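Enquirer: Everything below, folded, please.
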Amino acid sequence: MIAFLLAQTIAITGGTVYPVSGPKIENATVLIRDGRIAAVGANVAVPAGATRIDAAGKWITPGLIDGAGQMGLREISAVQNTNESQLRGNETAAAFNVLEGINPASTLIPVNRIEGITTTLAVPNGSLIWGQAALIDLDGATIEAMRVKSPVAMVADLSEGSKEAGGGSRAGVAQRLRRVFDDALEYGRRGPNYQRAQNEELAARSADLQALLPVLRGQLPLIAIANRRSDIETALRIGREYKLRLILAGAAEAWMIPGQIAAAGVPVLVEPMQNLPSYDALGIRYENAPLLAKGGVKIALMETATENTRNLRQQAGNAVANGMTWDQALRAVTLTPAEIFGVADRYGSLEPGKVANVVVWSGDPFEFSTGVEHVFIRGRNIPLRSRQTELLERYKTLPPKY
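Expert: Okay, here's the model as predicted:
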């Protein structure tokens, strides 16, 4: 029993620790015990028998948290049989929770976690109301082992992608969403009558209306996808009308109205490397995230391409290159998303008592040339292997030609 407990104690020593919740600590130790951070500091006593990892000259940060994608829900985007993120045939799929569609054996999980991503939001896809998103750690043989929080938020689309649900018009989308919300409130008041068919037909199925009640009661946030300034303003307007705990996602033209967003207290999930104009966002620009941060908006960064969730650190690096401070960018991929998703008591910073999701880097994690030395998820030292590294090793030395 004693040997087992000692095996659960790991000391990462000698590195520069960036706890996020406080200033960096030179020549510091992060002590991990039983999957949790036990101590962080320059004068931490290492227990006898603890596994030591020399991090001299290295950088130590919390594991990165991505607020987008379909990790575990999508293997190959063009192959429908490998996609589990959408409940087809229901434009108001509020009762749809993606959690049980997640595949813990997905080959994309090790590809991305060995580059410092330890936690991701698994997001549904759809038409108007997509369903419920779940937050997962990228380790574990079962869904229960991976789950951090489910549901984290309801997801709705107010971008051009949902126009079909509104009869081809953005105004129709807003009207349709209000109708669904109003009917959900009515269902909450008169559910038994509805079940007995004593009410007129409502805008969605009873299970979906029931699933919306926590959103309308302020118990569950609503992630609203909106890119055009007018769509963002519509989302803010609906948020005020229904007193929602709103989170904006995408928000490509949000830099135009940081004051409105900050005044509403609405956090934003942003993808800094996006700058190609479209009719959904003619005003898109690289400086979106820095300008929002400067305007007092709570910012978390995201990488929407599930296959390349590992590019989250490049998203952060580009945000820094365009005006965000380095400390702001680190917070935007660690503690801020943990706060937005309601798990900051357990995730997002290196503090005693928090879950031991820790990454040891060869240098600045936002520099392209930096490599990952160690990844810990819930205190487990993750092997730096994936399908890609196995293929590299297999074909590194080719057989001689005959």
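Enquirer: what about the nearest residue to residue 62 once chain neighbours are set aside, how many neighbours?
Expert: In space, and not counting its chain neighbours, residue 62 is closest to residue 334: 4.5 Å by CB to CB, 6 or more residues apart in numbering. Quick note: C-beta positions are derived from backbone N, CA and C, even for glycine. The number of residues packed near residue 334 is 31, by other CB atoms under 10 Å.
Enquirer: Isn't residue 334 up against residue 19?
Expert: No - look at residue 334 against residue 19 with CB atoms under 8 Å: they stay out of range, at 9.6 Å.
Enquirer: which neighbours do the two share?
Expert: 62, 349 (CB atoms under 8 Å, 6 or more residues apart in numbering).
Enquirer: just to revisit the earlier point, which residues touch the residue nearest to residue 62?
Expert: By CB under 8 Å, 6+ apart, the contact list for residue 334 reads 20, 61, 62, 63, 64, 65, 348, 349.
Enquirer: check contacts around the fifth one.
Expert: If I follow you right, that is residue 64. Here residue 64 is in contact with 116, 117, 118, 119, 312, 313, 333, 334, 359, 365 (CB under 8 Å, 6+ apart).
Enquirer: What subset of those is buried?
Expert: By neighbour count, with 16 or more other CB atoms under 10 Å, those hold 116, 117, 118, 119, 312, 313, 333, 334, 359, 365 as buried.
Enquirer: Which one of those residues is nearest to residue 202?
Expert: residue 119 (36.7 Å; CB to CB).
Enquirer: returning to that earlier point: rebuild the contacts of residue 334 as JSON lines, extending it with secondary structure.
Expert: JSON lines is the format used below for these (DSSP: H, G, I helix; E, B strand; the rest coil):
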{"residue": "20", "secondary structure": "coil"}
{"residue": "61", "secondary structure": "strand"}
{"residue": "62", "secondary structure": "strand"}
{"residue": "63", "secondary structure": "coil"}
{"residue": "64", "secondary structure": "strand"}
{"residue": "65", "secondary structure": "strand"}
{"residue": "348", "secondary structure": "coil"}
{"residue": "349", "secondary structure": "coil"}
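Enquirer: farthest pair in the residues you listed?
Expert: Top of the distance list for these (CB to CB): 64 and 349, 12.3 Å.
Enquirer: wait, residue 367 sits on residue 318?
Expert: No - taking CB under 8 Å as the definition, residue 367 is not a contact partner of residue 318, at 11.8 Å.
Enquirer: more crowded one of the two?
Expert: Just comparing residue 367 and residue 318: by other CB under 10 Å the higher neighbour count belongs to residue 318, 21 against 13.
Enquirer: Then that one would be within a helix, right?
Expert: Yes - secondary structure of residue 318 (three-state DSSP): part of a helix.
Enquirer: tell me the contacts of it?
Expert: Residue 318 touches 272, 273, 286, counting by CB under 8 Å, 6+ apart.
Enquirer: Flag the least confident of the residues you listed.
Expert: Least confident of the contacts of residue 318 in the model: residue 273, at 89.
Enquirer: what residues are up against that one?
Expert: Counted by CB under 8 Å, 6+ apart, residue 273 has contacts 286, 311, 314, 315, 318.
Enquirer: which of those residues are buried?
Expert: 286, 311, 314, 315, 318.
Enquirer: what's the distance between the fourth one and residue 375?
Expert: Spelled out, that is residue 315. 19 Å (CB to CB, to the nearest Å).
Enquirer: among the buried ones among the contacts of residue 273, which two are most distant?
Expert: Largest pairwise distance in the buried ones among the contacts of residue 273, by CB to CB, is 15.0 Å, between 286 and 311.
Enquirer: okay, the closest residue to residue 345 other than its chain neighbours: pLDDT?
Expert: Nearest residue to residue 345, sequence neighbours excluded (CB to CB, 6+ apart): residue 354, at 7.9 Å. With respect to pLDDT, residue 354 has a value of 98.
Enquirer: Kindly report the same for residue 52.
Expert: For residue 52, the pLDDT comes out at 96.
Enquirer: Which SSE is immediately downstream of the top helix by length along the chain?
Expert: When the chain is parsed with DSSP state H, its longest helix is helix 170-195. Going down the chain from helix 170-195, the next helix or strand is helix 206-216, by DSSP states H and E.
Enquirer: quick one: the helix or strand just after that next one to helix 206-216, angle?
Expert: Going down the chain from helix 206-216, the next helix or strand is strand 222-226, by DSSP H and E. Note on geometry: by axes from the mean of the first three to the mean of the last three CA atoms, to 10 degrees, strand 222-226 and helix 206-216 are set 90 degrees apart in direction.
Enquirer: mind exporting strand 222-226 as CSV, just the C-alpha atoms?
Expert: In CSV, the C-alpha atoms belonging to strand 222-226 read as follows (Å, rounded to 0.1, in the frame of the first residue of the first chain):
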residue,chain,number,x,y,z
LEU,A,222,-26.3,29.6,-23.8
ILE,A,223,-23.4,29.6,-26.3
ALA,A,224,-24.6,31.8,-29.2
ILE,A,225,-22.7,31.5,-32.4
ALA,A,226,-22.7,34.9,-34.1
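Enquirer: Pull out the buried residues from that strand.
Expert: Neighbour-count burial for strand 222-226 flags 222, 223, 224, 225, 226 (criterion: 16+ other CB under 10 Å).
Enquirer: Return the distance of that strand from the chain's centre.
Expert: 13 Å (CA atoms, centre = their mean, to the nearest Å).
Enquirer: Using the record's assignment, carve the chain into domains.
Expert: Listed by automatic domain parsing, the domain ranges of the chain are 1-63+348-402, 64-347.
Enquirer: longest strand in the chain, by residue count?
Expert: Looking across the chain with DSSP state E, the single longest strand is strand 147-157.
Enquirer: and stretch 159-173, what's its mean pLDDT?
Expert: 93.
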